[in-house]
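In: This is the structure alone, sequence omitted:
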Ligand SMILES: Cc1ncc(COP(=O)(O)O)c(C=O)c1O
């Protein structure tokens, strides 16, 4: 055993073990006279690390880096034996059983792995320190996982640890991380034109995205499209368009909704903490009506009754420019609107000349098993807002709506320097091409599998109060303890997100996830629930 000084590649002193370790670090090899005895803990994590390919363990194998066969026991810091054995594209090397080693050898290896774990967490700590010193604290991260690369439904962090991604960057990666068709489209467009500003000198990809979205948006009416960069911009612009069209001031939004963080979008958002506190005063003429949420005691008929009351007591329908509604509450806890509720909103809007805006920013692009959630409801919104999975990770958003409404603002009234960026448009065109019938059929199958898994957890754990959602937009509400479960799952190598009042765990896994990855993720979730929710049924 040797103590080796820092390696050029990553600089952590490392405890070194046995000749059975594989040398993975060329820099280390140059430095060390006996390189085969060494493990570099900091470089890309190879040697000992490749031995621990399980979820949550390191798997940074670089294809360009020569390696000898790794013969190291499965010392995954996290993950069950079962998950280690489960084949996945990330697992490239055989796991050698503990029994393959003499106890003394094994202990040395284990020690080396522990030292390495500590060295790597030092790396994360230093990033966290730099972040604390330089980044505004208002922007929080759910997980202290420093991501460096991703593919499909898998992420790798700065230490080379592998995670299953059931969050998709908050529903942005429906077509998967680094989808090759999207990557190719981005690269080709970036080489040709990265920016011009559509208001200065237009370019074709913008028009093609508009054509494609007009063709696919819910409902038969002729449509027009405005492209933007973020979801908040889309909801704000939808309101501007509705106000110009109706020449009315008021907007009705719903409780527990989320429409973005800019001030008009935030004013419409129906969830206070952590989004709204101390950020007011908010925009005037925004009125919130209850969103129906059976599990929390509000039925569709109660919600509709409250809306009628609001019209009678607070704001007359002929003062209302728009009603904005998420067909399935996203941040609010994955609550699908009852069918009679959305259909009644459509009728009310028609009766009073109100523009009905469907916010499909989280529900869109296959998440619910159809391209847009409104298709499940058989209603045509007047305007639909889109973003998130529209451009596979590049910032692109849209308002798509009935042509006469979209044309209400005069020339110059709409736009933005980066709005409809050509590279983002190229990515969106690839995404729309990917999201064909086959993709949507698979999205429904993914949704069915997620639901079955969540129901199995509900059958096992009394903490699970409710399982709900639409298509692959599924969540479970716990009595309490969801943040602890999410943290425990992350320690096992699964990235999850909360929603609602913090006790909803939502699944926003990329829809390209395999059945094996889904099952693997739910095994980790189940183990995390065992750890955090002690009562089983
Ligand atoms: C339904 C909905 N609307 C609007 C937004 C705001 O989008 P962005 O964060 O891109 O501004 C979100 C973001 O989560 C959302 O889920």
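Out: Everything's here; your move. Remember, predicted model here, so these are calculated numbers, not experimental data.
In: Look at the residue in the stretch 401-537 of the chain that the ligand sits nearest to and say how many residues are nearby.
Out: Closest approach between the stretch 401-537 of the chain and the ligand, counting by Cβ to the nearest ligand atom: residue 499, at 9.7 Å. Where C-beta positions appear, they are placed from N, C-alpha and C, glycine not excepted. Applying other Cβ atoms under 10 Å, we find 25 other residues in the vicinity of residue 499.
In: okay, now the domains of this protein?
Out: For the chain, automatic domain parsing gives the domain ranges 1-119, 131-174+436-537, 182-434.
In: And those domains: which comes nearest residue 125?
Out: domain 131-174+436-537 (9.2 Å; Cβ to Cβ).
In: how about the residues of the stretch 151-300 of the chain near the ligand?
Out: With Cβ under 6 Å from any ligand atom as the criterion, the stretch 151-300 of the chain meets the ligand at residues 170, 230, 231, 232, 235, 258, 259, 260.
In: Could you work out the most separated pair of those residues?
Out: Largest pairwise distance in these, by Cβ to Cβ, is 15.4 Å, between 170 and 235.
In: who has more neighbours, those two?
Out: The neighbour comparison of residue 170 against residue 235 (other Cβ under 10 Å) goes to residue 235, with 32 against 18.
In: How about the contacts made by the more buried one?
Out: 259, 260, 264, 265, 268, 324, 357, 359, 361, 385 (Cβ atoms under 8 Å, 6 or more residues apart in numbering).
In: Indicate the residue of this protein located nearest to the ligand.
Out: For the chain, the residue closest to the ligand is residue 231, as judged by Cβ to the nearest ligand atom, at 2.1 Å.
In: does residue 256 really touch residue 326, like I thought?
Out: No: using Cβ atoms under 8 Å, residue 256 makes no contact with residue 326, being 9.0 Å away.
In: Need the residues touching each of these two.
Out: Common contacts of residue 256 and residue 326 (Cβ under 8 Å, 6+ apart): residue 332.
In: Give me the more crowded residue out of the two.
Out: residue 326 (28 against 23).
In: Quick check: the more buried one vs residue 293, distance?
Out: Using Cβ to Cβ, to the nearest Å, residue 326 is found at 12 Å from residue 293.
In: got it, and residue 215?
Out: For residue 215 relative to residue 293 (Cβ to Cβ), the value is 34 Å.
In: of those two, who's got more company?
Out: More crowded of residue 215 and residue 293, by other Cβ under 10 Å: residue 293, with 23 against 10.
In: If I look at that one, what pLDDT would I see?
Out: Residue 293 carries a pLDDT value of 96.
In: so how many other residues sit close to the residue nearest to it when sequence neighbours are not counted?
Out: Nearest in space to residue 293, with sequence neighbours left out and distances taken as Cβ to Cβ, 6 or more residues apart in numbering, is residue 335 at 5.2 Å. Residue 335: 27 surrounding residues under other Cβ under 10 Å.
In: Let me see the contact set for residue 335.
Out: 256, 291, 292, 293, 295, 328, 329, 468.
In: if we can go back for a sec, model confidence score at the residue of the stretch 401-537 of the chain closest to the ligand, please.
Out: pLDDT at residue 499 comes out at 97.
In: How about residue 126?
Out: So, for residue 126, pLDDT stands at 87.
In: Same check on residue 466?
Out: For residue 466, pLDDT reads 97.
In: Quick check: buried residues in the helix or strand where it lies?
Out: Taking DSSP states H and E as the criterion, residue 466 maps to strand 464-470. Within strand 464-470, the residues scored as buried using 16 or more other Cβ atoms under 10 Å are 464, 466, 467, 468, 469, 470.
In: how far away is the fourth one from residue 459?
Out: As defined by Cβ to Cβ, residue 468 lies at a distance of 15 Å from residue 459.
In: same check, this time on the third one
Out: Spatial separation of residue 467 from residue 459 under the definition Cβ to Cβ is 10 Å.
In: for residue 521, same thing?
Out: Using Cβ to Cβ, residue 521 is found at 18 Å from residue 459.
In: So if I had to pick from the two, which one is more boxed in?
Out: Between residue 521 and residue 459, counted using other Cβ under 10 Å, the more crowded position is residue 521 (28 against 12).
In: so is the residue lying closest to the more buried one once chain neighbours are set aside in a helix, a strand, or just coil?
Out: Nearest residue to residue 521 in three dimensions, chain neighbours excluded: residue 164, at 4.5 Å (Cβ to Cβ, 6+ apart). Following DSSP: H, G, I helix; E, B strand; the rest coil, residue 164 is assigned to strand.
In: Correct me if wrong: residue 164 contacts residue 154.
Out: Yes: in this structure, residue 164 is within contact of residue 154 by Cβ under 8 Å, at 6.2 Å.
In: more crowded one of the two?
Out: residue 164 (30 against 24).
In: tell me the contacts of that one?
Out: 55, 153, 154, 155, 493, 494, 495, 509, 517, 520, 521, 524.
In: isn't residue 268 right up against residue 322?
Out: No: look at residue 268 against residue 322 with Cβ under 8 Å: they stay out of range, at 9.5 Å.
In: Need the overlap of contacts for the two.
Out: In the contact map built from Cβ under 8 Å, 6+ apart, the residues linked to both residue 268 and residue 322 are 239, 251.
In: Cool, thanks, signing off.
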